[in-house]
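Asker: all I have is the shape, not the residue letters:
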């Protein structure tokens, strides 16, 4: 046995069995890294909204600390462990997180009376309720009061809406006046007088409403409650600033689940707060969807027509070969190059020309001559047209020649054959291309950064004002949102949960679209193998 | 078939055919048009400057026996003026040659004549009167709308006296004077007997708010230098430079009033050529030196050794003249140097050493001035004609050398590749070297490919050749899904999760680099014995990669437990500190290790998919033939499959390379974005793509930076285009060979 | 070679030459096809029989580099004339291909495809035509309950008969068949051959086959082509029993091909 082993070993190496294992290991590493990426995003993203217990720690120096534990790691000198707590109360502490060495902790508990307040400003507040409008009160009374405030605020929202409308009309009037100025209409023309009067009326109405609004707001803001933090420091908080109040230490699992769902709903439907690190993602989701939609409107027909031309109408030859190589190539051009093209051509080229021709009175304030939804969509359309072309071409190319001949033999024209046989047969392939293009558009950020995405857009690209769809407006985007709050926000640590949640959402959207596309394509492949017997 | 319908159908067909052909071609060419457009934006960088003569006022506007000593022009290129020896300044409308006004500069003493006029700053003139007194006058222009004249726009001109220097008794060869905004007046006189005297007058406010005047006067030490042949004082009057007839340069600092200090004295030219003209360059850092051989060079102080003393060093050599240089001056906008000799006037840009424009009108040029904006030139010919030109010098600082070569920038101790697009003041030298950015792109790509290529190719080999078909059907979509993960997410995870993780456990990371292969090897050896057991043999039917997973996880886990201890033992607990003190490399938390992982992750699926496709498209007959001859499965792959599929694998690698070169978001987030040229894996970099994303929002449209960024996009485009085209051609060949895609 | 006498020629070919790029594939063929009979074109692979067949409905137009000289008269009119309408032509000269090629639509839609593209919209007319065509193609009984199922669910032989039904639905004068049974199993082949026998009642059929037994079984006349030339053309029983030409004899006795 001992004699034979080296020989066998030699053979084992010679036939290269270890290499098979090594290549297997390469594959495993690849798959593992993908799995880890998804896992990290899932774990960090999904857990964000689950209320964790609020601990009260007694430290060696005698002080108390209330916080939610977020991390544990070894101390720098390897003497023990240390924990990171989210202690919130930014307005009192100046920071949201604090590291505590375990050696410092005397005891820890989870008192039932600890509250978490979600506030419109300064992040969360951890502490206890002291008095409500000067009187000691229970949590239920606080909730009741909050509910009243909420109702009062809802009553104000109608007023807000009217204010927005009036300011929009005022802006339109200002632009009209600007136009009149530009055309040098004399001051005594009836048109100008009329406009000026109208504008004045709008301004008066605006002022009146603002007054009403601020009066009512003052009344609402007069209602406050006093809370105390772990060490008894008192803080008076305006009820209107409190968005949510909950007691994580007494919540049952069902309560927590309900809370979780509510937070998820807020995430997809709410507006962002606190420089995007809190609140919802609705404008970003909406912007992303609009972007993909407008992009598809351009890239889908253009890509399909170009592919149909290449595959069905162009004469095969050197030119078509070159064009095909070029198109395949364009799919590999870095997205930032498309971005800079979009900036140079669409924004500064076409956009500026539009401004010069149609809105000369507003210059130098650009209307279309600055980044916006339209230009970003067009840039992305350019970026994704090659994807649509390539997949449409492949789908058309995979249709057996007999299908075309069968149709022609029955007296169909080329166009009829295209419409009735080829395009329906190629549709899964075209859909695959479109979905892949959309997925790419959803995840692409670099070209958007220079063609019109912003961290906070004041208005959505669609609203109730004519012409309803405002393609010149700047917009928000999930991918840019991640970049922005993860890298440009003043408080990166506090922004982290939101980054992970946004990333999770984006990953889910993109992966869902891609897997649909991949499934469609694989199905199509199976179907065509049939045609070749 | 109904004839009407037939007609309709045929018409539709024709229309569709036209529409699709035109549309298709148009779309394709529009898309290809991108390159043309980007190139079009960046091309003006290399356009040669041009000058267009806009006015010519025939001689005779000033009587021929009075010598004109200086000329000037407003920023709108509408009004010119001349100062003549009689002490008169005349304003002339360039459009029609009409004299607008003439002012006696010293009406009270009408018999005084001017000897010389020296210019500095924005239309400041130092008037040197024949009694030895100096006065400093500034001409100011401002446009206004003349209500009296039907609201016509015209230019108002005013004169402002900025300072007076009293007469000196001796015969003066040359006098210089400066008045700065803080009320400091400096006068330098070179007397006929070779003495050089400095007089300074400083008005300061003491703590009581009273004005205090300090005056000083001293004779400068010449340190045995030869005859002084050229002098120049910087705009604030704090630095004095002199050149001698024997090729020496002297530099005094006049910062401390009354304590002039000769900081530098050197033999600038070994051949002892006469220095004929000196001028500062805009920004007052560099000194332009003209000599009798017609050479123009620029100099500034460079720290030569560790003592920190700066020595004047020749930095740039500009295009020379055929005749001795007799006058040098500089632009007030950028680093343009104007030099005049018998063969005309030259405009050269210092940093790029580009020859911009040359003027040699038939009458010669006796006096000239560049406007403050640098876009107009006015000159008085020897024949008395007044000429003016509009200059178009779009991007003087750009040349192939400044974009790609090493350039010696002001304040640097040697020529370097630097990217620094903006600075606090407007007299800085733009440093737009693309080399560090290209280096950054290639560096990041190199490390990413180092990580991605082996994993992707070996993974593809395994998937296509050894894995069970059923598993293969799951692996491929999984990898495709991996390709769809947006790079912004990879980048953010790399920066916010991976970078801190690796930073805190650097020792474990390196340990696992050793432990992982070791563990694999060990397991392969052990497997040799274990494979003889029947149930385990099943693993060799395409499940190996699953069996390996626990080994990998185990090895990494082991490394992370042992890592800190090892670090403690070998590197005194802090590997980063050790790296810095022992190897001199600084550990940047966002470095190439992160980039290798993150960008590698983005590139792996691309290489994998293409390589896998080409591997599995190798006809089965080849594989069967090899196996039938008794080759093992790995031998078959190594000797038969891989050679046939190698073009596809190559193509995949190329496409992956192209993708990594242009990747933006990952590098933007996961590198420090510092434009340094350093191969160290522990440093970050700044690649072309991220640079565009960072800089373009701030770049003024059509400025040099804007166009240089477009140029870097062109470079990226060309780089990826070449790589992709090669890959695509290889792939098309492969398809033609095996008849499938 | 003795040309047979044709009473009622539907298609007459005069000196037809066909070029692929620069190379000539058919070198001046003269032939005429009688009405409501089955004519078989036989010959070894690459002899140009399929190419010749595809000249009759100008299917070769789809190849960019092809060129045709000479005349093909359909009812006395040259189909290669400038004024000939190619669509009208193809509606009169139907074709069944070597590989069955039903569209990925329902059986019903497949049959009425030719009618739809001609602008027909009448539902009852469609119903009636589907029934007659499918009956004509001997497929009605097999598919009448699943007319709206996908045609791709049919068996190979059924698909080929569906293609025949699709061709006869537009009521052509001539049906060209390009090796219609080459991809079918023997049983399906027998069904299709039987069908060809029935179709000759109403249509002129030109069939290309490499299978001499099939030619002998289904055709009235047979033409033998070799290297782009028409070698012999005559009544099937004569040609097979007593070939006039040495090459023909060699071929039908299996010495080459």
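Answerer: Perfect, thanks for sending it. Only a predicted model underlies this, so the values are computations on that prediction, with no experimental measurement involved. Numbers count the residues shown, from 1 in each chain, chains lettered A, B, ... in the order given.
Asker: what about the helices in chain C?
Answerer: C:49-55, C:86-92, C:107-116, C:123-136, C:140-143, C:156-169, C:186-199, C:212-218, C:236-241, C:246-252 (DSSP state H).
Asker: can you give me the buried ones in the last one?
Answerer: Read that as helix C:246-252. C:247-248, C:251-252 (16 or more other Cβ atoms under 10 Å in any protein chain shown). Bear in mind the C-beta positions are built from the backbone N, C-alpha and C, glycine included.
Asker: for the third one, same thing?
Answerer: In terms of neighbour count (16+ other Cβ under 10 Å), helix C:107-116 has its buried residues at C:107-115.
Asker: now render those as CSV, adding distance to residue B:124 and pLDDT.
Answerer: Listed next are those as CSV, based on distance: Cβ to Cβ, whole Å; pLDDT from 0 to 100:
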residue, distance to residue B:124, pLDDT
C:107, 97, 91
C:108, 95, 92
C:109, 91, 90
C:110, 93, 91
C:111, 97, 92
C:112, 94, 91
C:113, 90, 91
C:114, 93, 89
C:115, 94, 89
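Asker: what parts of chain C come near chain B?
Answerer: C:85, C:87-88, C:91, C:117-119 (Cβ under 8 Å from any Cβ of the partner chain).
Asker: from the chain's centre, how far out does stretch C:210-227 sit?
Answerer: 13 Å (Cα atoms, centre = their mean, to the nearest Å).
Asker: kindly report the same for stretch B:17-35.
Answerer: 37 Å.
Asker: do it and chain C meet?
Answerer: No - Stretch B:17-35 is not in contact with chain C by Cβ under 8 Å from any Cβ; minimum separation 13.9 Å.
Asker: check which residues of that stretch are buried.
Answerer: Going by 16+ other Cβ under 10 Å, stretch B:17-35 has these buried residues: B:17, B:20-21, B:23-25, B:27-28, B:31, B:34-35.
Asker: just the buried residues of helix C:107-116 that are near chain A?
Answerer: Near chain A, by the rule Cβ under 8 Å from any Cβ, you find C:113-114 out of these.
Asker: wait, which of the buried residues of helix C:107-116 is closest to chain A?
Answerer: residue C:114 (4.0 Å; Cβ to the nearest Cβ).
Asker: count of residues packed around the closest residue to residue B:386 other than its chain neighbours?
Answerer: Nearest residue to residue B:386, sequence neighbours excluded (Cβ to Cβ, 6 or more residues apart in numbering or on different chains): residue B:57, at 4.0 Å. By the other Cβ atoms under 10 Å in any protein chain shown criterion, the neighbourhood of residue B:57 contains 23 residues.
Asker: now residue B:57: how far from residue A:90?
Answerer: As defined by Cβ to Cβ, to the nearest Å, residue B:57 lies at a distance of 71 Å from residue A:90.
Asker: what sits up against stretch B:145-163?
Answerer: B:74, B:76, B:78-79, B:81, B:89, B:91, B:100-101, B:103, B:105, B:124, B:135-144, B:177, B:179, B:185 (Cβ atoms under 8 Å, 6 or more residues apart in numbering or on different chains).
Asker: dump the buried residues of stretch B:17-35 to TSV, plus secondary structure and pLDDT.
Answerer: Output for these, formatted as TSV (DSSP: H, G, I helix; E, B strand; the rest coil; pLDDT from 0 to 100):
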residue	secondary structure	pLDDT
B:17	helix	84
B:20	helix	82
B:21	helix	83
B:23	helix	80
B:24	helix	77
B:25	helix	80
B:27	helix	73
B:28	helix	72
B:31	helix	67
B:34	helix	71
B:35	helix	71
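Asker: quick one: low-confidence ranges for the stretch 351-500 of chain B?
Answerer: Low-confidence segments of the stretch 351-500 of chain B (pLDDT under 70): B:423-426.
Asker: give me the nearest residue to the most centrally placed residue in chain C, chain neighbours excluded.
Answerer: Nearest residue to the geometric centre of chain C (Cα atoms, centre = their mean): residue C:176, 1.5 Å. With sequence-adjacent residues excluded and distances taken as Cβ to Cβ, 6+ apart, residue C:176 is closest to residue C:95, at 4.5 Å.
Asker: neighbours of that neighbour, how many?
Answerer: Residue C:95 has 25 nearby residues by other Cβ under 10 Å.
Asker: likewise for residue B:259?
Answerer: For residue B:259, using other Cβ under 10 Å, the count is 11.
Asker: my reading is that it lies in a strand. Confirm?
Answerer: No - assessed with DSSP: H, G, I helix; E, B strand; the rest coil, residue B:259 is coil; it does not lie in a strand.
Asker: got the phi and psi for it?
Answerer: In terms of degrees, to the nearest 10, the main-chain angles of residue B:259 are phi -130, psi 60.
Asker: now it: how far from chain A?
Answerer: Here residue B:259 is placed at a distance of 49 Å from chain A (Cβ to the nearest Cβ, to the nearest Å).
Asker: and the helices in the stretch 251-400 of chain A?
Answerer: Counting by DSSP state H, counting those that start in this stretch, the stretch 251-400 of chain A has helices at residues A:253-269, A:282-308, A:318-330, A:335-341, A:352-358, A:373-397.
Asker: quick one: list the elements packing against the second one.
Answerer: This means helix A:282-308. If contacts are counted by 3 or more Cβ pairs under 8 Å, 6 or more residues apart in numbering or on different chains; DSSP states H and E, helix A:282-308 sits against helix A:253-269, helix A:373-397, helix A:423-443, helix A:478-487, helix A:492-531, helix B:3-42.
Asker: who in the stretch 251-400 of chain A is up against chain C?
Answerer: Near chain C, when you scan the stretch 251-400 of chain A using Cβ under 8 Å from any Cβ, you find A:315-316, A:400.
Asker: run the last query once more with 10 Å
Answerer: Residues of the stretch 251-400 of chain A lying close to chain C (Cβ under 10 Å from any Cβ of the partner chain) are A:315-317, A:399-400.
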